[in-house]
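Student: From the sequence below, what's the structure:
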Amino acid sequence: MLSAQSTSFFRRFLAIFAIGLAFLAGCSSFQFNMNQNGKDANDANAAPVPTLPGKYLVRVAPYVFLSDFEIQKDLPLFQELGHLRDQVYQDLKLPDSTTMIQVYLFEDRDKYERFMQSRYPKLPSRRAFFVAQSRGVGRSEDLLIYTYWGDRVRQDLRHELTHALLHSVLKDVPLWLDEGLAEYYELPLEQKGINRAHVEQLRKELSLDFKPDLIRLELMDEVGKMNRAEYRESWAWVHFLLNFSPDTRKNLLTYLQQLRDTSNPGNFREKLLEILPTPETDLQNHILRLDFAPVEKKPSSP
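Tutor: Have a look, this model is predicted:
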């Protein structure tokens, strides 16, 4: 689950090649050049890449959904994803973008994984990917999403489209913020950004002396160093910043505006300290105060 911009994101991609990532989460995003598909350019015997889906097309500006199986164009999901763009840009005070986002929907996981293994063989196994693919020096990028029509397609599309929407208007997004925002907006609007499973796990960890550490998160620029704990904490920081107070919200929105103009606006925590002397303690209290219905546990089979 992540989005890619310029040099810093490309370092994340290189890290995946270097350490042979294991499965970490459902979704991810990467930045490639046109010839950087992970295949050996000298491998004349390489099997042909399976074709991308494209028989059917559904347009929901700025998205284009392509599939080889027929999808009803009036599904509530598509209307919801159209509203997601408005939600993200309005919440974060970002300008609308007309950049097209291409979403390739495979009919099932097998077809999706065979394509990804052939096209991007070095990438880890995940349910969905966002790829910012360069067209060449000085040219714009193609914003591509690959996934399949499964039980979690709603969550996966909201997550990856958030990456793409951010990438279409910002110079870069620090990894912790990129993932935190995607985790926040992958949730349906009615959940108000509250990931119940994340909150429950974070509360358990806080009872075992877990301490949030934004300094450590900000140093992360490689996907391979993030595990589920980092995804949870990234989400927690985003929820905290957007909802704790008008000042924390303004602080984050100002930082995002800076990312429109520069890929390196400086250390975020230092900016946060200008309004909060103890942000980690405030985050802990925020997590403990969140009011929500617990995650329902399915009854065990008889």
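Student: wait, what's in contact with the closest residue in space to residue 242 that isn't next to it in sequence?
Tutor: Leaving aside its sequence neighbours, residue 242 sits nearest to residue 249 (CB to CB, 6 or more residues apart in numbering; 5.5 Å). Quick note: C-beta positions are derived from backbone N, CA and C, even for glycine. By CB atoms under 8 Å, 6 or more residues apart in numbering, the contact set of residue 249 is 241, 242, 243.
Student: okay, the residues you listed in TSV with neighbour count next?
Tutor: Shown next, in TSV, are those (neighbours: other CB atoms under 10 Å):
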residue	neighbour count
241	26
242	18
243	15
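Student: sorry, back to before: and the residue nearest to residue 242, what element?
Tutor: In this structure, residue 249 sits in helix 246-261 according to DSSP states H and E.
Student: Return the closest of the contacts of residue 249 with respect to residue 54.
Tutor: For these, the minimum distance to residue 54 (CB to CB) is 37.3 Å, reached by residue 242.
Student: Work out for me the element that closest one sits within.
Tutor: helix 228-243.
Student: Quick one: work out the angle between that helix and helix 246-261.
Tutor: 110 degrees (axes from the mean of the first three to the mean of the last three CA atoms, to 10 degrees).
Student: what's helix 228-243 in contact with?
Tutor: Contacts with helix 228-243, where a contact means CB under 8 Å, 6+ apart, come from 1, 24-25, 91, 176-177, 179-181, 183-184, 193-195, 198, 201-202, 205, 212-214, 217, 220, 226, 248-249, 251-252, 272, 282-283, 286-287.
Student: Restrict it to CA atoms and write it as CSV.
Tutor: Below are the C-alpha coordinates for helix 228-243, written out as CSV (Å, rounded to 0.1, in the frame of the first residue of the first chain):
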residue,chain,number,x,y,z
ARG,A,228,1.8,-4.2,9.8
ALA,A,229,2.8,-2.3,12.9
GLU,A,230,4.1,0.6,10.8
TYR,A,231,1.0,0.7,8.7
ARG,A,232,-1.1,0.9,11.9
GLU,A,233,1.0,3.6,13.4
SER,A,234,1.0,5.6,10.1
TRP,A,235,-2.8,5.4,10.0
ALA,A,236,-3.0,6.5,13.7
TRP,A,237,-0.9,9.6,13.0
VAL,A,238,-3.1,10.6,10.1
HIS,A,239,-6.3,10.1,12.0
PHE,A,240,-4.8,12.0,14.9
LEU,A,241,-3.6,14.9,12.8
LEU,A,242,-6.9,15.3,10.9
ASN,A,243,-9.2,14.9,14.0
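Student: List the buried residues for it?
Tutor: The neighbour-count check on helix 228-243 (16 or more other CB atoms under 10 Å) flags 230-242 as buried.
Student: Dump these to TSV, plus distance to residue 134 and pLDDT.
Tutor: Listed next are those as TSV, based on distance: CB to CB, whole Å; pLDDT from 0 to 100:
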residue	distance to residue 134	pLDDT
230	27	96
231	26	95
232	31	97
233	31	98
234	26	98
235	29	98
236	33	98
237	30	98
238	28	98
239	33	98
240	34	98
241	31	98
242	31	98
